[in-house]
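Asks: Sharing a model that was predicted from the sequence below.
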Amino acid sequence: MRAYESFVPGLDGVIAAKTEISFLDVNREKIVIRGEDLIELAKDKTYFDVVHLLLEGYLPSPEEKNSLEDNIKKFYKLSDDVLPLFNLLPKGMHPMDGMRTVISLLAGFDSEIENRSQEENKRRAYKLLGQLPFITVNSYFATEGLDIAEPNETLSYSANFLSMITGKISSKLEIEIFDQLLLLYSEHEMPNSTFASRVIASTNSDMYGALTGAISSLKGHLHGGANEAVMYMLQDVDSVDAFEALIHHKLQNKEKIMGFGHRVYMKKMDPRAAITKEALRKLCEKDNDYKLLEMCEAGEVIMREEKGLYPNLDYYAAPVYWKLGIPIPLYTPIFFNARTAGLAAHIIEQHDNNRIFRPRVEYTGKGY
Ligand SMILES: CC(=O)SCCNC(=O)CCNC(=O)[C@H](O)C(C)(C)COP(=O)(O)OP(=O)(O)OC[C@H]1O[C@@H](n2cnc3c(N)ncnc32)[C@H](O)[C@@H]1OP(=O)(O)O
Ligand SMILES: O=C([O-])CC(=O)C(=O)O
């Protein structure tokens, strides 16, 4: 029995919100963010340009961007009250679960937690963005039993983030590619995690709760967790031939190949994946080792010919992370770190113009 005649499994194609934040214009191959195309922005803008665009509604002047980045740097180092929590994270826990736990705790230190005004929500979003590289990196280090990494306020956001991960100062090319990844991951309309955060915010719950819900959503392999799964798959083999055989074997077993397919792009390439593929090419050129690119391209051909499916962002992002020297369990946490800008914009929009989400069901249980 249905309450309404409109059940769509997986809410495929259903409009769940009106938003001024973003829209996937698949026909025109644009990812529209507040009137700008993310794919164009990826050519010459940085992550912080997009953070400003998402939270303030327009691209910043160079002065505005510098002042935003300077303000955010103040939060690079986490307060001493929170640090002991990292020691409590069990070894072997996935850092996404570590991040979920730490962000939950931060709610307790926000004296304005019940204030949902746009001003307060923006303040906490910027503070969280400043704190997140520390939380991301150290959720991994703590669960690996490694020493806590310290931030370096003299570095840009992306340079500091990457150097906290790798323990060294990366090259200009590496920092630019990492920053571009953050930009590409920053916002993508209404994926499962954004929907989850808006559903939670719609009860008038707070930003920390909405973000922890989004982390849980993003962790799954059908969503953000796919980038880690792609790299584990690439690691399982060590040649193009063996990778081709692996993909064929998985397809024969009716397994999904991580990093392919997308609810919105469906039978088209995710435009972000074309950019990360080029980034991978540059990193391969740098160390004159093209194996990962060749393996990925071979997988792309098989998937196109056999399934008519194309890479999504996670497919080429995974080998890019690998080439940057980033440990695999950090791939999805970095996705969340970057996406917090978009998620915060959605949570703010939901709080500012709210109606609680409360759908109905098609009842298939016992008769009554
Ligand atoms: C940044 C991101 O979060 S992007 C998404 C990252 N996720 C992945 O890469 C995981 C792999 N991909 C998938 O699981 C899916 O393509 C999703 C979750 C992204 C989209 O799911 P849906 O829109 O529900 O598509 P659905 O799973 O119904 O797939 C439609 C058909 O394509 C097939 N298909 C879709 N993706 C894949 C894949 N990666 N490998 C093999 N077959 C696939 C399905 O088996 C299904 O075939 P069928 O009609 O014969 O049953
Ligand atoms: O849009 C989606 O469903 C998933 C995705 O690509 C993203 O969140 O970046």
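Replies: Perfect, I can see it now. Ligands and ions are numbered 1, 2, ... in the order given.

Asks: At the contact with ligand 2, which residues of this structure appear?
Replies: Residues of the chain found near ligand 2 (CB under 6 Å from any ligand atom) are His188, Pro191, His262, Arg263, Val264, Asn312, Leu313. To be clear about C-beta, it is placed using only N, CA and C from the backbone, and glycine gets the same treatment.

Asks: Go ahead and confirm the fourth one touches Asp12.
Replies: This means Arg263. Yes. Here Arg263 lies in contact with Asp12, judged by CB atoms under 8 Å, at a distance of 6.7 Å.

Asks: So these two - more neighbours on which side?
Replies: Taking other CB atoms under 10 Å, Arg263 and Asp12 do not tie; Arg263 has more neighbours (15 against 8).

Asks: buried stuff in stretch 349-364?
Replies: Glu349, Gln350, His351 (16 or more other CB atoms under 10 Å).

Asks: Tabulate those in CSV, adding columns for pLDDT and secondary structure.
Replies: Shown next, in CSV, are the buried residues of stretch 349-364 (pLDDT from 0 to 100; DSSP: H, G, I helix; E, B strand; the rest coil):
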residue, pLDDT, secondary structure
Glu349, 98, helix
Gln350, 98, helix
His351, 98, helix
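
Asks: Quick check: the residue of the stretch 101-250 of the chain nearest ligand 1.
Replies: Ala226 (3.6 Å; CB to the nearest ligand atom).

Asks: quick one, what contacts that residue?
Replies: When contacts are counted by CB atoms under 8 Å, 6 or more residues apart in numbering, Ala226 is found next to Met258, Gly259, Asn312, Asp314.

Asks: Over to Met231?
Replies: Ala318, Pro319, Tyr321, Trp322, Ile328, Tyr331.

Asks: same deal with Ser163?
Replies: The contact partners of Ser163, by CB under 8 Å, 6+ apart, come to Asn152, Leu155, Ile169, Ser170.

Asks: what's the burial count for the last one?
Replies: Meaning Ser170. 20.

Asks: name the element it belongs to?
Replies: Under DSSP states H and E, no helix or strand contains Ser170.

Asks: What residues does the protein have near ligand 1?
Replies: 10, 222-224, 226, 256-263, 307, 309, 312-314.

Asks: Just the buried ones from those, in ChimeraX syntax?
Replies: In ChimeraX syntax, the buried subset of the residues of the chain next to ligand 1 is picked out as below (16+ other CB under 10 Å):
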select :223,224,226,257,258,259,260,261,262,309,312,313,314
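
Asks: contacting residues for the closest residue to Lys77 other than its chain neighbours?
Replies: Excluding the flanking residues, the one nearest Lys77 by CB to CB, 6 or more residues apart in numbering is Pro151, at 5.7 Å. Contact analysis of Pro151 by CB under 8 Å, 6+ apart lists Tyr76, Lys77, Pro133, Phe134, Asn160, Met164.

Asks: Pull the helix or strand containing Ile165 out as PDB, backbone CA atoms only.
Replies: Under the criterion DSSP H and E, the helix or strand holding Ile165 is helix 157-166. Extracted in PDB, the C-alpha atoms of helix 157-166 (Å, rounded to 0.1, in the frame of the first residue of the first chain):
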ATOM      1  CA  TYR A 157      46.500  25.300   3.500                       C
ATOM      2  CA  SER A 158      47.300  22.600   0.900                       C
ATOM      3  CA  ALA A 159      51.100  22.700   1.500                       C
ATOM      4  CA  ASN A 160      50.600  22.300   5.200                       C
ATOM      5  CA  PHE A 161      48.000  19.500   4.800                       C
ATOM      6  CA  LEU A 162      50.300  17.600   2.400                       C
ATOM      7  CA  SER A 163      53.400  18.000   4.500                       C
ATOM      8  CA  MET A 164      51.600  16.900   7.600                       C
ATOM      9  CA  ILE A 165      50.800  13.700   5.700                       C
ATOM     10  CA  THR A 166      54.100  13.000   4.100                       C
END
